[in-house]
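Asks: with the sequence up front, the predicted model follows.
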Amino acid sequence: MSEILDRKNMLWEGSRMFLPEHRQALAEQRARADDFIPPELDDDRWDEINRLILEALHSDFPLLIRYVENRRPRERCGFIQKIIPHERRLCLADGRHLYTISFADIYDVEPVSGGD
(Lines give C-alpha, C1' and ligand atoms only; values in the text may rest on other atoms or scores of the structure.)
Protein backbone atom coordinates (compact mmCIF):
# COMPACT_ATOMS: atom_id res chain seq x y z
CA MET A 1 0.00 0.00 0.00
CA SER A 2 1.36 3.43 -0.85
CA GLU A 3 2.30 5.93 1.82
CA ILE A 4 -0.44 8.31 0.64
CA LEU A 5 -3.19 5.75 1.25
CA ASP A 6 -1.68 4.30 4.41
CA ARG A 7 -3.48 6.46 6.95
CA LYS A 8 -3.84 3.86 9.70
CA ASN A 9 -7.60 3.99 9.49
CA MET A 10 -8.31 0.50 8.23
CA LEU A 11 -12.07 0.77 8.75
CA TRP A 12 -12.46 3.38 5.99
CA GLU A 13 -9.49 2.54 3.74
CA GLY A 14 -11.49 0.37 1.32
CA SER A 15 -14.46 2.71 0.93
CA ARG A 16 -12.84 5.69 -0.77
CA MET A 17 -14.72 7.06 -3.73
CA PHE A 18 -15.14 10.19 -5.77
CA LEU A 19 -18.51 11.60 -6.62
CA PRO A 20 -18.80 12.46 -10.31
CA GLU A 21 -19.01 16.16 -9.40
CA HIS A 22 -15.79 15.92 -7.40
CA ARG A 23 -14.01 14.03 -10.17
CA GLN A 24 -15.07 16.71 -12.71
CA ALA A 25 -14.01 19.56 -10.39
CA LEU A 26 -10.62 17.90 -9.83
CA ALA A 27 -10.09 17.48 -13.59
CA GLU A 28 -11.00 21.15 -14.20
CA GLN A 29 -8.64 22.26 -11.44
CA ARG A 30 -5.77 20.26 -12.97
CA ALA A 31 -6.53 21.71 -16.42
CA ARG A 32 -6.53 25.27 -15.05
CA ALA A 33 -3.21 24.68 -13.30
CA ASP A 34 -1.58 24.13 -16.72
CA ASP A 35 -3.04 27.33 -18.22
CA PHE A 36 -0.59 29.98 -19.37
CA ILE A 37 -1.15 33.32 -17.68
CA PRO A 38 0.33 36.17 -19.71
CA PRO A 39 1.99 39.07 -17.89
CA GLU A 40 -0.07 42.12 -17.01
CA LEU A 41 0.85 45.01 -19.30
CA ASP A 42 0.87 48.63 -18.20
CA ASP A 43 -0.36 51.51 -20.36
CA ASP A 44 3.15 52.39 -21.55
CA ARG A 45 3.71 48.85 -22.86
CA TRP A 46 0.30 48.87 -24.61
CA ASP A 47 1.24 52.18 -26.27
CA GLU A 48 4.54 50.67 -27.43
CA ILE A 49 2.76 47.58 -28.82
CA ASN A 50 0.25 49.78 -30.62
CA ARG A 51 3.02 51.96 -32.07
CA LEU A 52 4.96 48.93 -33.32
CA ILE A 53 1.88 47.38 -34.95
CA LEU A 54 0.92 50.61 -36.74
CA GLU A 55 4.51 51.27 -37.81
CA ALA A 56 4.86 47.72 -39.15
CA LEU A 57 1.60 48.08 -41.07
CA HIS A 58 2.68 51.31 -42.76
CA SER A 59 6.42 50.62 -43.17
CA ASP A 60 6.04 46.94 -44.11
CA PHE A 61 8.54 45.28 -41.76
CA PRO A 62 8.02 41.95 -39.97
CA LEU A 63 7.02 41.58 -36.32
CA LEU A 64 7.28 38.76 -33.82
CA ILE A 65 3.94 38.63 -32.01
CA ARG A 66 3.53 36.64 -28.82
CA TYR A 67 -0.04 35.83 -27.86
CA VAL A 68 -2.24 33.33 -26.05
CA GLU A 69 -4.19 30.72 -28.02
CA ASN A 70 -6.18 27.97 -26.32
CA ARG A 71 -4.56 28.84 -22.97
CA ARG A 72 -1.09 28.21 -24.42
CA PRO A 73 1.61 30.72 -25.43
CA ARG A 74 2.14 31.10 -29.16
CA GLU A 75 4.38 33.26 -31.27
CA ARG A 76 4.18 34.10 -34.95
CA CYS A 77 6.49 36.09 -37.15
CA GLY A 78 5.14 37.90 -40.17
CA PHE A 79 3.86 41.05 -41.79
CA ILE A 80 0.76 42.91 -40.64
CA GLN A 81 -1.70 42.70 -43.56
CA LYS A 82 -4.56 44.66 -42.03
CA ILE A 83 -6.09 45.81 -38.78
CA ILE A 84 -9.79 45.28 -38.14
CA PRO A 85 -10.54 47.91 -35.47
CA HIS A 86 -14.24 47.15 -34.89
CA GLU A 87 -13.39 43.47 -34.22
CA ARG A 88 -10.17 44.37 -32.32
CA ARG A 89 -8.11 41.97 -34.44
CA LEU A 90 -5.19 42.06 -36.82
CA CYS A 91 -4.22 39.85 -39.73
CA LEU A 92 -0.65 38.56 -39.85
CA ALA A 93 0.83 36.88 -42.94
CA ASP A 94 3.95 34.74 -42.76
CA GLY A 95 4.24 33.91 -46.47
CA ARG A 96 2.24 30.67 -46.28
CA HIS A 97 -0.61 31.40 -43.89
CA LEU A 98 -2.79 34.30 -42.79
CA TYR A 99 -3.46 34.42 -39.03
CA THR A 100 -6.11 36.49 -37.31
CA ILE A 101 -5.05 37.49 -33.80
CA SER A 102 -7.19 39.26 -31.23
CA PHE A 103 -5.65 42.32 -29.57
CA ALA A 104 -6.78 40.96 -26.19
CA ASP A 105 -4.61 37.84 -26.69
CA ILE A 106 -1.39 39.73 -27.48
CA TYR A 107 1.13 40.12 -24.67
CA ASP A 108 4.34 41.02 -26.53
CA VAL A 109 5.40 42.44 -29.89
CA GLU A 110 8.90 43.08 -31.18
CA PRO A 111 10.39 43.94 -34.55
CA VAL A 112 12.31 41.21 -36.34
CA SER A 113 15.86 42.07 -37.35
CA GLY A 114 16.97 41.36 -40.88
CA GLY A 115 19.59 38.79 -39.87
CA ASP A 116 21.79 39.62 -42.92
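Replies: Right, received. Where do you want to start? Numbering: from 1, shown residues only.
Asks: the longest strand along the chain pairs with which strands?
Replies: Identified as the longest strand of the chain according to DSSP state E is strand 72-84. Each strand that strand 72-84 pairs with, and the sense of that pairing, follows from DSSP bridges: strand 63-69 (antiparallel), strand 89-93 (antiparallel).
Asks: let me know the average pLDDT across it.
Replies: Over the span of strand 72-84, the pLDDT mean works out to 93.
Asks: which residues of the chain score low on pLDDT?
Replies: Counting by pLDDT under 70, the low-confidence segments of the chain come to 1-16, 114-116.
Asks: hey, where'd the helices end up in it?
Replies: 20-33, 43-59 (DSSP state H).
Asks: give me the nearest residue to Pro38, chain neighbours excluded.
Replies: Nearest in space to Pro38, with sequence neighbours left out and distances taken as CB to CB, 6 or more residues apart in numbering, is Tyr107 at 3.7 Å. Glycine gets a C-beta too; all of them are placed from N, C-alpha and C.
Asks: before we move on, back to that, which residues are contacting the longest strand of the chain?
Replies: 36, 38, 53-54, 56-57, 60-68, 89-95, 98-101, 112 (CB atoms under 8 Å, 6 or more residues apart in numbering).
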